[in-house]
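Trainee: With the input below, show me the fold.
(2 chains)
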There are 2 protein chains.
Amino acid sequence: MAAKYQTTHEVAYYECDINQTMTFPAMLSVAIKASEEQSEELDRGAAVIGGYGLSWIITSYHILVTRLPKVGEQIQVVTQAKEYNKFFCYRYFWLLDDQGDQLVKIEAVFALMNPETRKVSSVPDEIVAPYGSVKIKRIKRYPKIEPITQGYSLPYRVRFYDIDSNQHVNNAIYFNWLLDVLGHDFLTKHLVQEVTIRFDREVAYGNLIDSHVQINEAQALETGEVRPLQTLHEIKIADVTYCEAVFTWQAR
Amino acid sequence: MAAKYQTTHEVAYYECDINQTMTFPAMLSVAIKASEEQSEELDRGAAVIGGYGLSWIITSYHILVTRLPKVGEQIQVVTQAKEYNKFFCYRYFWLLDDQGDQLVKIEAVFALMNPETRKVSSVPDEIVAPYGSVKIKRIKRYPKIEPITQGYSLPYRVRFYDIDSNQHVNNAIYFNWLLDVLGHDFLTKHLVQEVTIRFDREVAYGNLIDSHVQINEAQALETGEVRPLQTLHEIKIADVTYCEAVFTWQAR
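Mentor: So this is what the prediction gives:
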């Protein structure tokens, strides 16, 4: 049984947008910090992983939002490196309110990469052992991300301060590019419910990326179900896709 | 004697750039949060100030850097609303290491504005009374910011996530625009020593700003002194200046 690691966090004003709720970059930063703390505690910090000639990358997130944390709220951040297979490690994060009720659940898929060759490595059992992760055979599948057929885009330059102390464009920064393109009106009139995001390639300092989006209004399906309002997202440089995402929303 | 307020902060990886030291936006966010906590404690939070039909704005910072806080470091954040005159309040912040030694000192100049009329108000004594600030006659002067005569610039669009839960472009965000234009090489080869920044006008969501910079190499003066490496900065929209700054640097 994989051990859980828990910490608390007070949501600061600068971690929130004008909706007074925590941004995705802030939530993910706080979550990843908790996982780094757990790794240090289990003697599996970046230096130890580096000793294997490897470093962690995140290939995707699947996020369920019950309610976004609010300015000033005291939240609990719980994480567990739950399962792994030959190439992927599945880590879960829960942001809970002070009653222990779930606000946000984040499933993150990690892989190990050789930073020199940029090749993904299989996961050595001894790296994962201290976490108590369960070895599984199957590869988990998350909701499909449909390609954009009718969208629009805005350009974003990768800035010096988009690179964090881990030497990479912080994964969390992608969320700013993905969402900013939706604009003020959309972002203040809708509440996010679910996110699936996949990171295909790494953008680098100085790159000029295009953030594409397609808005699919809520729609009654032939099955009688209603497909909620969805936005499809692609981060591209010229014709190459670096990141894809799908968000579902409800009216505020 | 103005009361000091003190809190502690552990520097997170996402608050640091690739130099492994804390960014200006992160330092200022942590500092302002401490001042907001003090204000709440003294019953002078945003709601109370709002009751006067006013809100705080920051018109300038003067920052002295002995050493920037490092990833993982436990710092003390101390603040004191030291002095005020008819229109300005002078608040000091000190970031200290765990031995109490000074890492960074920030002097911030606050003013009160009517958010409807956008007019600066004189400072009512009863707003400042609980802080124990000393009333002074004079207006403090900070180092002069020379205008740019030979510079270059890059454009930046004000994004949704540049606006924080206080409904404004976070002052701290200006530092990203000011510094990004210097580029990776400059920012990894130099250490900042001193900053003077003045906010003249407020930029708004959707604005396209130009961040101008002029690099003045270190220079022997006629007086026998050496003027250190300086960078002059202006944030402009067309010909109108919104923010000016001067940074002094030393080689790393």
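Trainee: Now do A:Ile173, the pLDDT please.
Mentor: With respect to pLDDT, A:Ile173 has a value of 90.
Trainee: And it, how close does it get to A:Ala238?
Mentor: 20 Å (CB to CB, to the nearest Å). All C-beta atoms are positioned from the backbone trio N, CA, C, and that covers glycine.
Trainee: between the two, which one's more packed in?
Mentor: Of the pair A:Ile173 and A:Ala238, A:Ile173 is the one with more neighbours under other CB atoms under 10 Å in any protein chain shown, namely 24 against 7.
Trainee: sec struct for that one, please.
Mentor: Reducing the assignment to helix, strand or coil with DSSP: H, G, I helix; E, B strand; the rest coil, the entry for A:Ile173 is helix.
Trainee: What degree of burial does the closest residue to it other than its chain neighbours show, as a neighbour count?
Mentor: When the adjacent residues along the chain are set aside, A:Ile173 lies closest to A:Asp162, with 4.8 Å between them (CB to CB, 6 or more residues apart in numbering or on different chains). The criterion is other CB under 10 Å. On that basis, A:Asp162 has 22 neighbouring residues.
Trainee: Repeat that for A:Arg227.
Mentor: By other CB under 10 Å, the residues close to A:Arg227 number 13.
Trainee: what ranges do the strands span in the stretch 51-200 of chain A?
Mentor: Assigned by DSSP state E, counting those that start in this stretch, the strands in the stretch 51-200 of chain A fall at A:55-65, A:74-84, A:89-96, A:102-114, A:119-121, A:134-135, A:152-157, A:190-199.
Trainee: What distance do you get for whichever residue of the stretch 101-250 of chain A sits closest to chain B to B:Tyr13?
Mentor: Of all residues in the stretch 101-250 of chain A, A:Ser165 sits closest to chain B, with a separation of 3.8 Å (CB to the nearest CB). Counting by CB to CB, the gap between A:Ser165 and B:Tyr13 amounts to 5 Å.
Trainee: Could you do A:Gly224 as well?
Mentor: Distance check for A:Gly224 against B:Tyr13: by CB to CB, it reads 48 Å.
Trainee: same deal with A:Lys86?
Mentor: In this view, A:Lys86 and B:Tyr13 are 28 Å apart by CB to CB.
Trainee: What of A:Cys16?
Mentor: From A:Cys16 over to B:Tyr13 the distance is 20 Å, taken as CB to CB.
Trainee: how many neighbours does A:Pro115 have?
Mentor: What A:Pro115 shows, counting by other CB under 10 Å, is a neighbour count of 13.
Trainee: for A:Gly50, same thing?
Mentor: Look at A:Gly50: counted by other CB under 10 Å, it has 11 neighbours.
Trainee: Please report phi then psi for it.
Mentor: According to degrees, to the nearest 10, the main-chain angles of A:Gly50 amount to phi -60, psi -30.
Trainee: And for A:Asp98?
Mentor: Taking degrees, to the nearest 10, you get phi -70, psi -10 for the backbone angles of A:Asp98.
Trainee: residues near the closest residue to it other than its chain neighbours, how many?
Mentor: With CB to CB, 6+ apart as the criterion, A:Asp98 has its nearest non-adjacent residue at 5.2 Å, and that residue is A:Gln74. Taking other CB under 10 Å as the neighbour definition, A:Gln74 ends up with a count of 11.
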